[in-house]
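> predicted model and sequence follow; I will ask about them next.
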Amino acid sequence: MFAVLQFPGSNDDRDMVFAMKSVLGADARLVWHKDAELPAGTQSVLLPGGFSYGDYLRCGAMARFSPIMAAVTRFAAAGGPVLGTCNGFQVLCEAGLLPGALLRNRDLAFVCAPAYLRVERVAAPFTSRAIPAQVLQIPIKHGEGRYHVTPDELARLEADQQVVLRYCTPTGDVTEAVNPNGSVGNVAGVCNAAGNVMGLMPHPEHAVEALTGSTDGRVILGSLLDFVGAAR
Amino acid sequence: MTGLGAWHEPSVDHALAREHGLSDDEWHRILEILGRTPTFSELGIFSVMWSEHCSYKSSRVHLKNLPTTGPRQPAGSAGTVLVGPGEGAGAVSIGDGLAVIFKIESHNHPSFLSPTQGAATGVGGILRDIFSMGARPIASLDSIRFGPLDDPKHRHLLEGVVHGIGGYGNAVGVATVGGETSFHECYRGNILVNAFNLGIVEADEIFLGLATGIGNPVLYAGSKTGRDGIHGASLLASAEFDATSDAKRPTVQVGDPFTEKCLIEACLEAMRTGVIVGIQDMGAAGLTCSSFEMASRAETGIEMDLDRVPQRAANLSPYELLLSESQERMLLVTRVGEEQRVIDIFERWDLDAVVVGRVTGDGRMKVRWHGQTVVDIPVDPVAASAPMYDRKQSVPADLATRQKLDLAAILPESDPQAALAALLDSPNLGSKAWIFRQYDSLVQGNTVIGPGGDAALIRVKREDGTPTQKAVAMSVDCNPRWCWLDPHAGTIAAVAESARNVACTGARPLALTNCLNFGNPEKPEIMWELAESIRGLGEAAEALGTPVISGNVSLYNETSGRAIHPTPTIAVVGLLDDVERHAVSHFERAGLAIVLLGETRQELGGSEWLHLRRGLELGVPPSVDLAHELRLQRLLADVVAAGLVRTAHDVSTGGLAVALAECGFSGPAGVRIGAQVELVDGIRTDALLFGESTGRVLVATGSPDAVLERARAADVPAHRIGTTGGTRLVIGAWIDAELATLERIWARAIPRRLEQD
C-alpha cells in the first residue's frame, strides 16, 4: 500500500492517489499529517506537491515537524522507499532525508511548463523502468525549485550516482538554456546515498495519461510499483 | 483594555448617511422602515446592503429580462439549469447526476489600488462562491485588462495582478486554465480583473445559502475577523476613482490561500455529514450580507452575538465586526444539536468554527454586542426590497461619430506581410505565455486543453476521484472596442465568440455567466450603454440556448470622469460527452486540408488592423448572425464527434491571416506547421486577410469532402482554402513568411515590453 501524506496545504495529494490507484491500479490512500504512525501495510511513502502550511516560512520547513514525519524518517531508515515530488522534495530536504536545498527560481517567477528530463541513474526503486539517458517529458510547476548544493557536494553526489534526473533538451542535451530554474548541474531529482529516498521537482503524477499530455511519469511511479510488487 | 466597554456608537443623522453613500430618498426610506433613526451599526448595514455592488439597484430592472432557465428538456438531462442567478453561483446539469457550478466576478478597484492583493482576493472570493455550494472548484479563468504597456504603472499592474492570481490559485490547488488579457487606453485609470471559477458537484448535493429551521445554530467558520476591507463593497466598488482614491487602500482585503485551501477541504468534508442546512461565503459586506441574504431567502430571522465572533484585532467595534471583509470566512447553519460534528471537522483543519447565533422565526436581524442590542431591523426590507432605479438613459452624443467609417477613404494595406507582423506584435494578439506560465494549469490532473487554446477543456472526475468520459469546455471573451462602438451588437458578438470558442473543442455550449463592467450609471450615456448591452446579452443567450445562470455587475469604473469602454465579459461553459473526441486549436500534422467555415465579408469597423495600421477606432462592429452561429456550433460538435476534425480555431481579432499563423505555431513548444492558402474573393485584401467577420472557424481535416458535405447539410458556408505543411505560411501572393520568424514576433510581444524596466 502506498501512503500519500496529506499536509494542510498539500494540493497534489489527491492527484498522486489518482495516479497510483486509478491509473496504475495500486492500493494508495491519504495519510493525515497529524497521525503518529504510518498505516499497517505501508510499502512506500509518497510526499505530494503543494504548499504545506502555506510555505509562509520556507518551503517544507513547517511540514517536517508534523507528527507523521518521525514515522517517515523511521520508515526510510529501515530502507522503505520514500518519494517526494515538488513540495514533497522540499520537505525531504528540510527533514534531512535528502541532501541539498531548494531555493527561489533564478528569475524569481513561478513556472508551469513541460520539462524534459534525462535519466542519470537506472535503478530500483525509482527508475528501474527507464533505460540509461532516456528522456522523459514531465511537467514542472514551482516557484522555488532551484536545487542547491556546494560544488564539492555536487561532485560527490555525481560520483555516488545520487543525481537521478537532469533538465535537458528534447533530445537529451543538458544545457543551461533549458535549465528552468537555475538548479546546479541542471539537477531535477536526487536520491539519498542508500538510494531508497528520492526527491524531484517535476510532477510524475501529472504525466500518467496521454489525454492530459504525457505518460512518462509512469516510468518513475511504475518503477516504484514494480519494486513494491516485488517486495510483496 | 477598557476602551470598548465605554465605547458608544456615534450618533446618526442625515449628514452621516450621505457620507455612507446613501441618497436622500434612501435615508427617508430607512426612517420609514425602522420608524426611528438607525443606530450607527444599522446605518452601516443599510449602506452596504443598498450599495450598487450588493443590491444591483441600477441594473436589476434590466437584468430581470435575461433568459435564466434555457430551453425546456427532460429533467436531469445535460443543460438543465439547477440554480439560476441570485445564489452564490449558478448550477447546470451535465448529465449522469453531475452538475457544474460557475460564476465570474469583478475585483477591479481593489486590483488597481493593490494589484497583488486585489487580484488574489478576487480569486479567493469566487472560489468561495463555488465551494460554498458543495462543489469542488476545478478550474479558473481570468479576464484582465490594463492600460498600454508603455506606461510603467501598467507594467507594474500587470505584473502585480499576475502575481496575485498565480500566488493564490497555485497555492489553493485549483488550476488556472485560461483567460484573456488586453490593453487599451481606456483602462489607464481603471484596470479590470474579472475572475471566473467552475466546480463539479453531485446534482442532488448542491448547498444553498439558506438559514432554515427555527432554533438551528448559526456558525461562523474560517479566518478570524480583522479590520480589513471595511466598506470595500460600498465605498470602493460603488464609487468612481478620483485623486483621493489612494486613501482607500485600507479598504482592500488581504488574502490567505493556505487558509482557503483548508477551508475548501473542511467545508466539503463537513457537507458530507449531512447536518449542514445552509452555507454562504462572507464576501462583500462580510457577516452582514451573508446573514441577511441567508435569512431573507429562507424567510426567517437571525439573532447573533458579536462577542462570539473570532477576532484577530483588539477592540473591534460592532460596526467593524459587521462590515469587515476579512477573507476566507463562511457562515453556516446546521441542524440543532449536531453542530459539534461540523466544529470537529473544522478543528481538525485548524480552523475556527463557533456558534455565533441561531435562526429565529420573527423575520428580524437582532445583533447583540457587549450585552447591548446594536441592530434590530426587519430582514426583508433590507435584503429583498432594496431600492431599484430605472435610471435615465441617453444615446451618447458622439455615437454617430464613433460609428462613421467610410471605407473608401481608408488607404488600402500596401504591405500585408508587415501588417501581419505588426498584428502579431500587438500585446492584444501576442502570446500570453509570459502570463500563464506563472499559473499552475495542471493541478487536479484534468487539463486536456490548458491556457493558449480557444477554450480550456477539463476532464470531469467525481469527488471520489473516479474519472468520467465527460469534459467541460470554457472560454471568457469580450471585445470592448466593439462594445464601445455598439454595446448591443458588441455584447451579442461577445456571447457568440465565447460560445464559438467552446464549440471549437467539440463541446456543446450549455450556459453562461457574465461580468458587466461599466462606468457611472448615474450618467445617462453610461446607463444607455449598460441597458443596450444587457439587451444584447439577453437576445444572444436566448438565440444560442445558453441561459444566463450567474453574473456580476461592476459599475463606477471611471477615474476623474473618464469611463472605461463598456466591457461585458462573457464566459460560456460547454459539455463534451466523450473527452477522447475533441479538437485542439493548432495544426497537428502536415498534409491536412484547411477548410474555412463561415463567410468573410468586407468588415473592418472596430478591427485591430484599423487601429494598428490606420490609428482609427471607428465604424460598426462586424455583424453577427446568431442562427448561423448555432448551425456552426452544431456542425463543429458533429465533425469533431465523427472524428473528421482534430483542429478547429476561431477566426477573431486580427482576422484570417493571424488565425492561420496561430494554428501553425501555438501547439507544443517547438512544433511548427506551415500552410499554403489561396483565397478567392471580391473584397478588399485587407478585409480579406485582417477583417474580423464573425461566425468563422478554421478546421484542418484529412477528409475534406466529408466535412464539406456535412457543412452543406448543416447550411454552413464552407470552402477548402489550403493545405497544412512546410515551415512557411503562404497566403496567395500577399504573405510568404517563415513561421519561426512570425512565432518569435508573437512570443516576444509582451516580454519585450516588460523588459523596458
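All right, it came through fine. Numbers count the residues shown, from 1 in each chain, chains lettered A, B, ... in the order given.

> any idea how far the residue positioned nearest the centre of chain B lies from chain A?
Central residue of chain B (C-alpha atoms, centre = their mean): B:I104, 3.0 Å from the mean position. Going from B:I104 to chain A by C-beta to the nearest C-beta, to the nearest Å gives 22 Å. In short, each C-beta sits where N, CA and C put it, glycine included.

> max-length helix in chain A?
Longest helix in chain A, counting residues (DSSP state H): helix A:217-231.

> name all residues that make contact with the residue nearest to the centre of chain B.
B:I104 is in contact with B:126, B:141, B:143, B:194-196, B:476, B:513-515, B:550-552, B:569, B:571, counting by C-beta atoms under 8 Å, 6 or more residues apart in numbering or on different chains.

> before we move on, back to that, contacts for the longest helix of chain A?
A:2, A:19-20, A:23-24, A:26, A:43-44, A:81, A:83, A:119, A:124-130, A:134, A:136, A:138, A:200, A:203-208.

> B:R748: how many residues sit nearby?
B:R748 is flanked by 16 other residues according to other C-beta atoms under 10 Å in any protein chain shown.

> how about it, what does it touch?
Going by C-beta under 8 Å, 6+ apart, B:R748 touches B:425, B:430.

> cool, and B:R696?
B:596-600, B:650-651, B:656.

> for B:A713, phi and psi?
Main-chain torsions, B:A713, degrees, to the nearest 10: phi -60, psi -30.

> and the gap between B:R712 and B:A471?
Using C-beta to C-beta, to the nearest Å, B:R712 is found at 29 Å from B:A471.

> of these two, who's got more company?
Under the neighbour definition other C-beta under 10 Å, B:R712 and B:A471 were set side by side, and B:A471 has more, 27 against 11.

> the more buried one falls within a helix, correct?
No: assessed with DSSP: H, G, I helix; E, B strand; the rest coil, B:A471 is strand; it does not lie in a helix.

> can you list the weak-confidence ranges in chain A?
By pLDDT under 70, the weakly predicted segments of chain A are A:230-232.

> where along it do the helices fall?
Under DSSP H, chain A gives helices at A:13-17, A:67-77, A:87-94, A:151-159, A:217-231.

> what's the most buried one of the ones you listed?
helix A:87-94 (a mean of 28; mean count of other C-beta atoms under 10 Å in any protein chain shown).

> just the pLDDT at B:G670, thanks.
pLDDT, B:G670: 79.

> so which bits of chain A are right by chain B?
For chain A, the residues in contact with chain B (C-beta under 8 Å from any C-beta of the partner chain) are A:8-9, A:11-12, A:14-15, A:17-19, A:21-22, A:34, A:50-51, A:53-56, A:109-114, A:139, A:141, A:143, A:170, A:203, A:205-206, A:208-209, A:211-213.

> among the contacts of B:R696, which are in strands?
When DSSP state E defines the strands, the subset of the contacts of B:R696 inside them is B:596-597, B:650.

> surely B:T181 is within a strand?
Yes: under three-state DSSP, B:T181 sits within a strand.

> shouldn't it be in contact with B:A433?
No: using C-beta atoms under 8 Å, B:T181 is not in contact with B:A433; the gap is 11.1 Å.

> okay, these two: which has more neighbours?
Taking neighbours as other C-beta under 10 Å, B:T181 and B:A433 compare with B:T181 leading, 20 against 17.

> so how far is B:A119 from the more buried one?
Distance, B:T181 to B:A119, using C-beta to C-beta: 12 Å.

> shared neighbours of those two, anything?
Shared between the contact lists of B:T181 and B:A119 (criterion: C-beta under 8 Å, 6+ apart) are residues B:I144.

> returning to what we had before: closest to chain A among the contacts of B:R696?
Nearest to chain A among those: B:D650, at 22.4 Å, using C-beta to the nearest C-beta.

> and that closest one, how many neighbours does it have?
Neighbours of B:D650 (other C-beta under 10 Å): 26.

> what does chain B put close to chain A?
So far as C-beta under 8 Å from any C-beta goes, chain B lies against chain A at B:166-167, B:170-173, B:256-259, B:261-262, B:348-350, B:436-448, B:459, B:461, B:465-467, B:579-580, B:668-670.

> could you rerun that using 7 Å?
Residues of chain B lying near chain A by C-beta under 7 Å from any C-beta of the partner chain: B:166, B:170-171, B:173, B:258, B:261-262, B:349-350, B:437-448, B:459, B:465, B:467, B:579, B:669-670.

> so of the residues you listed, which ones are in helices?
Those of the residues of chain B next to chain A lying in helices (DSSP H): B:166, B:170-171, B:258, B:261-262.

> number of residues surrounding B:N65?
Neighbour count of B:N65, defined by other C-beta under 10 Å: 11.

> any idea how far it lies from B:E539?
10 Å.

> what of A:Q90?
For A:Q90, the distance to B:E539 - C-beta to C-beta - is 53 Å.

> A:Y147 too?
Distance, A:Y147 to B:E539, using C-beta to C-beta: 57 Å.

> which of the two has more neighbours?
Shown here are A:Y147 and B:E539; by other C-beta under 10 Å, A:Y147 has more neighbours (28 against 18).

> wait, doesn't that one sit right on A:P99?
No: using C-beta atoms under 7 Å, A:Y147 is not in contact with A:P99; the gap is 9.8 Å.

> contacting residues around B:T288?
Counting by C-beta atoms under 7 Å, 6 or more residues apart in numbering or on different chains, B:T288 makes contact with B:45, B:48-49, B:322-323.

> which element is it on?
helix B:286-298 (DSSP states H and E).

> returning to that earlier point: in helices only, show me the contacts of B:I104.
Assigned to helices by DSSP H, the following of the contacts of B:I104 qualify: B:I126.

> out of the contacts of B:I104, who's nearest chain A?
B:L141 (15.4 Å).

> so what's the spatially closest residue to A:D15 that is not a sequence neighbour up against?
In space, and not counting its chain neighbours, A:D15 is closest to B:G445: 4.4 Å by C-beta to C-beta, 6 or more residues apart in numbering or on different chains. Each residue near B:G445 by C-beta under 7 Å, 6+ apart is listed here: A:15, A:18, A:205-206, A:212.

> if we go to 6 Å?
Applying C-beta atoms under 6 Å, 6 or more residues apart in numbering or on different chains, we find B:G445 in contact with A:15, A:18, A:206.

> got the phi and psi for B:V374?
Dihedral angles of B:V374 (phi, psi; degrees, to the nearest 10) stand at phi -100, psi -20.

> surely it and B:K366 touch.
No: counting by C-beta atoms under 6 Å, B:V374 does not reach B:K366; the two are 9.3 Å apart.
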